[in-house]
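*Asks:* need coordinates for the following:
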Amino acid sequence: QVQLVESGGGLVQAGGSLRLSCAASGRAFSNYAMGWFQQAPEKEREFVAAITWTGGYTHYRDSVKGRFTISRDTAKNTVYLQMNSLKPEDTAVYYCAANQYGIAAPTIKYDYWGQGTQVTVSS
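*Replies:* Okay, here's the model as predicted:
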């Protein structure tokens, strides 16, 4: 059974930083791609960033380029999202997800999801 468990969310002032972690378990992820999504109150879930598990190819939404960095530690089966220069509009629940196609892109169907971690950025 695949499990994705996010951690690292919290309350931070605008301009601050947070690092989210996603611990993956339950299978080998070598052929998978991992993504981060966000869902703000009363809004649809939005793609943030994705990375291939082995190749390290990354893809970002334009509005987070230069501020967010996605990475993975294959030895720890963990994916990270380093978020710098945070803005109030980054406030959302952040979800980790995995897709079996190994494609780091927003339009791919993601098969597994974590429970989410809240990020709140105060102005």
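
*Asks:* leaving out sequence neighbours, find the closest residue to the residue nearest to the spatial centre of the chain.
*Replies:* The residue lying closest to the centre of the chain (CA atoms, centre = their mean) is Trp36, at 2.3 Å. Sequence neighbours aside, Val48 is the residue nearest to Trp36 in space, at 4.3 Å (criterion: CB to CB, 6 or more residues apart in numbering). Placement of C-beta: from N, CA and C, glycine included.

*Asks:* sec struct for that neighbour, please.
*Replies:* Classification of Val48 by DSSP: H, G, I helix; E, B strand; the rest coil places it in strand.

*Asks:* which pLDDT value goes with it?
*Replies:* For Val48, the pLDDT comes out at 98.

*Asks:* Val64 - how many residues pack around it?
*Replies:* 21 (other CB atoms under 10 Å).

*Asks:* who's in contact with the residue nearest to it when sequence neighbours are not counted?
*Replies:* Closest residue to Val64 apart from its sequence neighbours, by CB to CB, 6+ apart: Val48 at 5.9 Å. Contact analysis of Val48 by CB atoms under 8 Å, 6 or more residues apart in numbering lists 35-38, 60-61, 64, 68, 81, 94.

*Asks:* how far away is Pro106 from Thr117?
*Replies:* Distance of Pro106 to Thr117, given as CB to CB, to the nearest Å: 20 Å.

*Asks:* if you could redo that for Cys96, that was the one I meant.
*Replies:* Applying CB to CB to Cys96 and Thr117 gives a distance of 8 Å.

*Asks:* mutual contacts of these two, please.
*Replies:* 6, 20.

*Asks:* where does the prediction get shaky in the chain?
*Replies:* Scanning the chain with the threshold set as pLDDT under 70 gives 55.

*Asks:* now the strands: where do they sit in it?
*Replies:* Remark: strands assigned in the chain by DSSP state E are 3-7, 10-13, 18-25, 33-39, 46-52, 58-60, 68-73, 78-83, 92-99, 112-113, 117-122.
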